[in-house]
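**Q** the sequence and its predicted three-dimensional model are supplied below.
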Amino acid sequence: MPNRIPDFTLPFQHWPLKLLALIIAITLWYGIVAEDQVDMIMTVPLEMRNLPANMVIANQFKKELDVSVRGPKRLLQEMQQQNISRPVDLSNALPGAVVVQNTPESIPFPRGVIVQRVQPANVTLMVDQLLEKSIPLVATTSGDPARGFSLEGVRLKPEHITVNGPRSLISKVQSINTIAIDVDGLTQTSTVQVPLVLSEPLQRLIGETVVEAEILIKEPMTRRTVHYIPINLKQADKGNQASPAMVSVEAEIPAKVTRETPELNMLFRASVSGAEADENGDAPIRVEAIHLPNHSPINILSVRPEKARLSPDT
């Protein structure tokens, strides 16, 4: 079978049409590719990784980067759904300034995306040791109670607050004040909610904080001697009696209570216990004042007599 000789003229046949087709293909390809390339500015968050547990970033810094990129429109649209971030490895961080350089290579963009600019190019982090401290709270007041009344104090709840933060900040804080609590014209003890006065760095750490403040108001008191307070027997043998059967006390009583109470001995409870009696039958007399809502507590100064003798009922 004779060998067929290749026809080298075939590629050049109808060459005008083939050249036109090539030009059209190149033009279409270039137009499609050029049209698909777009510019976009993306916001990329900084992602802190591997920060030691005993360290903290003490300063405020820009947590997001503005990145100008160029690439295929479809790819850029898909990339916006991928939560791309700029990772920052802090595993070897020591207390002090750490400068993070944001280069195009530091952001893991997919192939085909060109990073044109990153702003800011550098971010400075102030790394500090983490400190936990219990800080006492101090109440401050303004104004004066009503005439004749006095401010005994303000009881805060809690009395301390525990704060975790940078050593350079927390170590300098010795106490935290409340805002001024208005006690002007008060006539009785009351409880209010009061905010703390916080510096801007502390407020960023613990946020707006409110504590409970009990404002202790002491009303005008009068000193009185009260007689004929009956003694109640406790844990005594059946038929025993106390001698004397009544006791007197000297006490400071709210002035308003003395004016409104017809029998002041109703304000006290006296008792003796057989379990406390000695071999002679003498037992101490215990006297308590009743609780008076919305009034200062009664202050017992002395009891007369101080002991009673328990004896069989004759």
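**A** On my side now, so go ahead.
**Q** helices along the stretch 201-314 of the chain, start to end?
**A** 255-260 (DSSP state H, counting those that start in this stretch).
**Q** any buried residues in the host helix or strand of Val100, and which?
**A** Assigned by DSSP states H and E, Val100 belongs to strand 96-101. Buried positions in strand 96-101, judged by neighbour count with 16 or more other C-beta atoms under 10 Å: 98, 100. C-beta coordinates here come from the backbone N, C-alpha and C atoms, glycine included.
**Q** so what strands line up beside that strand?
**A** Using DSSP bridges, the strands paired with strand 96-101 are strand 122-142 (antiparallel).
**Q** next SSE downstream of the partner strand?
**A** That would be, after strand 122-142 and using DSSP H and E, strand 150-157.
**Q** now the angle from that following strand to strand 122-142?
**A** Angle, strand 150-157 to strand 122-142, by axes from the mean of the first three to the mean of the last three C-alpha atoms, to 10 degrees: 150 degrees.
**Q** what pairs with strand 150-157, parallel or antiparallel?
**A** When DSSP bridges is applied, strand 150-157 pairs with strand 210-218 (antiparallel).
**Q** pull out the buried positions in the partner strand.
**A** Result for strand 210-218 [16+ other C-beta under 10 Å]: buried residues 211, 213, 215-218.
**Q** what sits up against it?
**A** 137, 139, 141, 145, 149-158, 161, 178, 181, 183, 186-196, 296 (C-beta atoms under 8 Å, 6 or more residues apart in numbering).
**Q** ok, now which ones touch Ala245?
**A** Counted by C-beta under 8 Å, 6+ apart, Ala245 has contacts 230-231.
**Q** contacting residues for His160?
**A** With C-beta under 8 Å, 6+ apart, His160 has these contacts: 134-137.
**Q** before we move on, what about Leu151?
**A** Per C-beta under 8 Å, 6+ apart, neighbours of Leu151: 141, 144-145, 183, 186, 215-218.
**Q** okay, it and Pro72: tell me how far apart.
**A** 74 Å (C-beta to C-beta, to the nearest Å).
**Q** likewise Glu152?
**A** 76 Å.
**Q** help me confirm that Leu19 is found in a helix?
**A** Yes. The assignment for Leu19 (DSSP: H, G, I helix; E, B strand; the rest coil) places it in a helix.
**Q** re earlier: which one among the buried residues of strand 210-218 gets closest to Met246?
**A** Lys218 (29.8 Å; C-beta to C-beta).
**Q** now do the same for the closest one: its pLDDT.
**A** If you check Lys218, the pLDDT there is 88.
**Q** where in this protein is pLDDT low?
**A** Within the chain, the stretches with pLDDT under 70 are 1-15, 18, 25-35, 236-239, 313-314.
**Q** so which residue is dead centre in it?
**A** Closest residue to the average C-alpha location of the chain: Ile206 at 4.3 Å, with C-alpha atoms, centre = their mean.
**Q** hang on, that one packs against Leu198?
**A** Yes. Counting by C-beta atoms under 8 Å, Leu198 is a contact partner of Ile206 at 7.2 Å.
**Q** excluding sequence neighbours, find me the nearest residue to the residue nearest to the centre of the chain.
**A** Closest residue in space to Ile206, ignoring its immediate chain neighbours: Val163 at 6.0 Å, by C-beta to C-beta, 6 or more residues apart in numbering.
**Q** and the one you found, which of the three is it?
**A** The three-state assignment at Val163 reads strand, by three-state DSSP.
**Q** strands of the stretch 1-150 of the chain, residue ranges please.
**A** 37-49, 55-57, 64-72, 86-89, 96-101, 114-119, 122-142, 150-157 (DSSP state E, counting those that start in this stretch).
**Q** now those as a markdown table including distance to Pro262?
**A** Shown next, in a markdown table, are the strands of the stretch 1-150 of the chain (distance: least, C-beta to C-beta, whole Å):
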| stretch | distance to Pro262 |
| --- | --- |
| strand 37-49 | 74 |
| strand 55-57 | 66 |
| strand 64-72 | 76 |
| strand 86-89 | 79 |
| strand 96-101 | 76 |
| strand 114-119 | 84 |
| strand 122-142 | 37 |
| strand 150-157 | 27 |
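**Q** which of those sits closest to Ile170?
**A** strand 122-142 (4.6 Å).
**Q** between the closest one and strand 37-49, how many degrees?
**A** Using the same axes, to 10 degrees: strand 122-142 against strand 37-49 is 60 degrees.
**Q** okay, now Ala251: neighbour count?
**A** By other C-beta atoms under 10 Å, the residues close to Ala251 number 21.
**Q** I meant Pro254, not that one.
**A** Other residues close to Pro254 by other C-beta under 10 Å number 22.
**Q** shouldn't it be in contact with Thr189?
**A** No. Using C-beta under 8 Å as the test, Pro254 is too far from Thr189 to be in contact (11.8 Å).
**Q** now do the shared contacts for the two.
**A** With C-beta under 8 Å, 6+ apart as the test, Pro254 and Thr189 both reach Ser296.
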